[in-house]
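Q: predicted model and sequence follow; I will ask about them next.
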Amino acid sequence: MNINIESIKRLSELKIPHRNWLEALNQVYALLLTVSPGEVICITGPSRAGKTRLIDELESLLVGDNVNSETGVMPVVRTIAVNSGRHGTFSTKSFAKGLLKAVEHPVYAAQDIAAIAKLDKLSEDTLRQAFEEASKARGVKYLFIDEAQHARYVGKDAQGAYAVMDSWKCMAQVSGIILIVVGAYPILDIIRKSPHMIGRKYQVNLGRYQLNQEDLVEFKLILSQYGSEIGCLDVLLENLELLYKGSLGCIGLVRSWLLRAAALSSVRKVNLSYEILIETKPSDDDLASLATEIENGEILLNSPIYDDLLEEEVVEAKPEKKPKAKRKSKAKPFNRKAERISTNARLETAHD
């Protein structure tokens with residue numbers, strides 16, 4: 001069955017509320033309704049895991065019928081930490097201006113070009129105070145910062161990224177806002193070394209599907225939904241191993257891959273096949289880079305770093321005592337210590 005444009009459009013619009021995504025959504029939503037203003041929720045996960053779509057759904061749940069154009073109230077403000085500085089660096093001043101735009105500060109709401117241009121002459125502290133005042137006037141309760149891992153490009157100073165995180169935390173506390181920091185795994189190393197974040201954040205991970213029976217069954221179900229939508233169910237299930245290895249278990253990566261494959265099949269007026277999947281598979285370089293990011297992130301998520309540091313301090317303070325014996329692993333099934341991910345690893349095919 002040849003794939004037509006309509007089926008590709010349906011595939012692009014298909015939103016599958018799969019298990020990992022739903023678990024993260026429910027966990028974050030529960031936290032948003034219970035944590036106190038000034039606290040931080042950190043949502044992490046590999047690239048293309050569905051974090052931005054998670055923000056979309058959370059914003060819809062939190063805003064409801066409270067439309068800003070009618071009430072002037074903005075319970076949710078969201079912005080993106082972009083690298084808008086010189087040579088691709090992260091500019092804290094540009095970020096502060098972006099916050100004012102996101103909260104629809106009167107200067108931006110009035111579209112006063114001259115007034116907007118004058119913002120460049122203001123200090124970061126002035127811009128920050130303007131946001132804090134605007135957020136209170138707008139009734140902001142939640143601030144989402146997406147792509148927050150870009151803060152690591154703030155400058156050459158290794159402490160710069162930690163200072164950015166501390167600044168965001170203090171800003172949320174002064175404004176009485178719940179801060180939701182969303183980013184790929186590189187943000188984990190920044191947050192765990194940020195003094196204001198330690199012990200003051202709630203961690204939620206939107207992870208990939210792992211190489212275990214339970215996860216692979218879910219992965220197969222997701223492929224079935226994609227395959228049914230574009231009429232190539234058998235092809236996708238026959239190539240389960242290829243699709244897992246070529247996406248490392250990340251559903252967003254599978255979706256974009258299938259869109260490319262479906263588009264190429266449509267252009268050539270042929271059925272989607274193994275050959276088409278191979279031709280449109282993510283490059284080995286991209287997969288290797290993503291695999292490294294995932295490996296490092298999963299190590300940080302599963303590492304008892306704070307316990308280790310505490311034990312080291314005790315031993316150093318009292319050298320006469322013998323170091324504590326290494327703790328036995330408390331790992332639960334399917335929560336094994338992360339291993340280097342090989343894009344050519346064998347896959348034990350899941351069964352229904």
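A: The structure has been received and is ready for your questions.
Q: how about low-confidence regions in the stretch 51-200 of the chain?
A: 65-70, 109-110, 156-159, 195-196, 198-199 (pLDDT under 70).
Q: burial count for Lys9?
A: 10 (other Cβ atoms under 10 Å). All C-beta atoms are positioned from the backbone trio N, CA, C, and that covers glycine.
Q: show the model's pLDDT score for it.
A: Among the per-residue scores, Lys9 shows a pLDDT of 87.
Q: and it, how close does it get to Ile230?
A: 10 Å (Cβ to Cβ, to the nearest Å).
Q: repeat that for Ala163.
A: For Ala163, the distance to Ile230 - Cβ to Cβ - is 48 Å.
Q: between these two, which has more neighbouring residues?
A: The neighbour comparison of Ala163 against Ile230 (other Cβ under 10 Å) goes to Ile230, with 25 against 17.
Q: got any ranges where the stretch 251-352 of the chain has weak pLDDT?
A: 303-352.
Q: please, where are all the strands along it?
A: In the stretch 251-352 of the chain, no segments count as strands under DSSP state E, counting those that start in this stretch.
Q: residues in contact with Glu293?
A: Pro46, Ser47, Ala184, Tyr185, Pro186 (Cβ atoms under 8 Å, 6 or more residues apart in numbering).
Q: repeat that for Leu25.
A: Pro17, Leu54, Glu57, Leu58.
Q: buried members of these into PyMOL, please.
A: The buried residues among these can be selected in PyMOL (16 or more other Cβ atoms under 10 Å) with this line:
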select buried, resi 54+57+58
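Q: just the closest of the contacts of Leu25 to Arg152, please.
A: Using Cβ to Cβ, Leu54 is the member of the contacts of Leu25 that lies nearest Arg152, at 21.6 Å.
Q: can I get the strand or helix carrying that closest one as CSV, trimmed to CA atoms?
A: Using DSSP states H and E, Leu54 maps to helix 51-63. Provided in CSV are the C-alpha atoms of helix 51-63 (Å, rounded to 0.1, in the frame of the first residue of the first chain):
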residue,chain,number,x,y,z
LYS,A,51,9.5,17.3,26.8
THR,A,52,8.1,20.3,24.8
ARG,A,53,4.9,18.5,24.1
LEU,A,54,4.7,17.8,27.8
ILE,A,55,4.9,21.5,28.5
ASP,A,56,2.1,22.1,26.0
GLU,A,57,-0.2,19.7,27.8
LEU,A,58,0.7,21.0,31.2
GLU,A,59,0.0,24.6,30.1
SER,A,60,-3.4,23.5,28.8
LEU,A,61,-4.3,21.8,32.1
LEU,A,62,-3.1,24.8,34.2
VAL,A,63,-4.6,27.7,32.1
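Q: list the buried residues of it.
A: Buried-residue list, helix 51-63, by 16+ other Cβ under 10 Å: Lys51, Leu54, Ile55, Glu57, Leu58, Leu62.
Q: the fifth one against Tyr29, yeah?
A: Yes. Counting by Cβ atoms under 8 Å, Leu58 touches Tyr29, with 6.3 Å between them.
Q: outline the domain layout of this protein.
A: 1-12+210-352, 35-205 (automatic domain parsing).
Q: mean neighbour count, those domains: which tops it?
A: Among the domains of the chain, ranked by average contacts under mean count of other Cβ atoms under 10 Å, first place goes to domain 35-205 (a mean of 18).
Q: one step back: in helices, which of the contacts of Glu293 fall?
A: Of these, the ones assigned to helices by DSSP state H are Pro186.
Q: make CSV out of the contacts of Glu293 and add distance to Thr79.
A: Output for the contacts of Glu293, formatted as CSV (distance: Cβ to Cβ, whole Å):
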residue, distance to Thr79
Pro46, 22
Ser47, 19
Ala184, 17
Tyr185, 21
Pro186, 19
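Q: between the contacts of Glu293, which is nearest Asn302?
A: Tyr185 (12.0 Å).
Q: format the domains of the chain as TSV; extra columns: distance to Glu23.
A: Listed next are those as TSV, based on distance: least, Cβ to Cβ, whole Å:
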stretch	distance to Glu23
domain 1-12+210-352	11
domain 35-205	9
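Q: which among the ones you listed is found nearest to Leu22?
A: Across the domains of the chain, closest to Leu22 is domain 35-205 (Cβ to Cβ), at 9.9 Å.
Q: so how far is the closest one off the chain centroid?
A: In terms of Cα atoms, centre = their mean, to the nearest Å, the centre of domain 35-205 is found 14 Å from the chain centre.
Q: report the separation between the two terminal residues of that domain.
A: 17 Å (Cα to Cα, to the nearest Å).
Q: identify the residues contacting the closest residue in space to Tyr185 that isn't next to it in sequence.
A: Leaving out its chain neighbours, the residue that sits closest to Tyr185 by Cβ to Cβ, 6 or more residues apart in numbering is Gly297, at 2.6 Å. For Gly297, the contact set (Cβ under 8 Å, 6+ apart) comprises Thr44, Pro46, Ala184, Tyr185, Pro186, Leu188.
Q: wait, a strand at Val204?
A: Yes. Applying DSSP: H, G, I helix; E, B strand; the rest coil, one finds Val204 inside a strand.
Q: residues in contact with it?
A: So Val204 contacts Ala24, Gln27, Val28, Leu31, Ile41, Cys42, Ile43, Thr44 (Cβ under 8 Å, 6+ apart).
Q: great, nothing more from me.
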